[in-house]
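Peer 1: got a predicted structure plus its sequence, pasted below:
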Amino acid sequence: MDPRDKLIAAIARHACSRVAKHTIRTLQQMTEERQSGDDTVLDNVWDEVCVQVQRQESTMWEDYVDTIRQIIKVHGLPKLAPEEQQAIWLQTNSGLGWNSDEETGEIPTDDDDIVEYILNDYVLTAAADWKNSRIEKYIERSLDE
């Protein structure tokens, strides 16, 4: 890998990690919005997302994903410098296919591409690996049913 590409990828990883951590903290603070009921062992929306990623998506899955997209788009992207957004976009499928030799001017970006990249490669990946006693207890109970 070209040293410039390594640098761009490192900048993108750092920026994506910041946005993902902020998104996760926001979801952890969302307790009133839970869909799993009042008698659940899950404390917050992040717990619910983790359970669905690790076990099975609920009928409300698209609502969860839309909420995550909104948090990333409204609260995450504006905190990124334009150069960070460009570095992230260059990691997306569209960015990987972009040929700078054919273009003039700035590196293009697309907010939707960036949001989907952070959602899938950072937030949902973190949810797949996230563990706590509430999540484990919920999954264990669902296996017994």
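Peer 2: Sure, I can see it. Please read all numbers here as calculations on a predicted model, not as lab measurements. Numbering: from 1, shown residues only.
Peer 1: from the contact counts, what lies against the worst-scoring helix or strand of the chain on mean pLDDT?
Peer 2: Least confident helix or strand, the chain: helix 133-144 with a mean of 88, by mean pLDDT, DSSP states H and E. Packed against helix 133-144 by the contact rule (3 or more Cβ pairs under 8 Å, 6 or more residues apart in numbering; DSSP states H and E) you find helix 45-54. To be clear about C-beta, it is placed using only N, CA and C from the backbone, and glycine gets the same treatment.
Peer 1: and the angle for the helix it packs on with helix 133-144?
Peer 2: Interaxial angle of helix 45-54 relative to helix 133-144 (axes from the mean of the first three to the mean of the last three Cα atoms, to 10 degrees): 40 degrees.
Peer 1: before we move on, the earlier item: contacts made by the least confident helix or strand of the chain with the rest, please.
Peer 2: Applying Cβ atoms under 8 Å, 6 or more residues apart in numbering, the contact partners of helix 133-144 are 36, 40, 41, 42, 43, 47, 50, 51, 54, 55, 56.
Peer 1: what residues sit buried inside that helix?
Peer 2: For helix 133-144, burial by neighbour count (16 or more other Cβ atoms under 10 Å) applies to 134, 135, 138, 139.
Peer 1: now distance to residue 111 too, for the residues you listed, in a markdown table please.
Peer 2: Shown next, in a markdown table, are the buried residues of helix 133-144 (distance: Cβ to Cβ, whole Å):
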| residue | distance to residue 111 |
| --- | --- |
| 134 | 33 |
| 135 | 31 |
| 138 | 34 |
| 139 | 34 |
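Peer 1: of the contacts of helix 133-144, keep whichever come out buried.
Peer 2: Neighbour-count burial (16+ other Cβ under 10 Å) applied to the contacts of helix 133-144 gives 36, 40, 42, 47, 50, 51, 54.
Peer 1: give me the buried positions along stretch 82-92.
Peer 2: By 16+ other Cβ under 10 Å, the buried positions in stretch 82-92 come out as 84, 85, 86, 87, 88, 89, 90, 91, 92.
Peer 1: how much space between the nearest residue to residue 56 once chain neighbours are set aside and residue 57?
Peer 2: Closest residue to residue 56 apart from its sequence neighbours, by Cβ to Cβ, 6 or more residues apart in numbering: residue 142 at 8.0 Å. For residue 142, the distance to residue 57 equals 13 Å [Cβ to Cβ, to the nearest Å].
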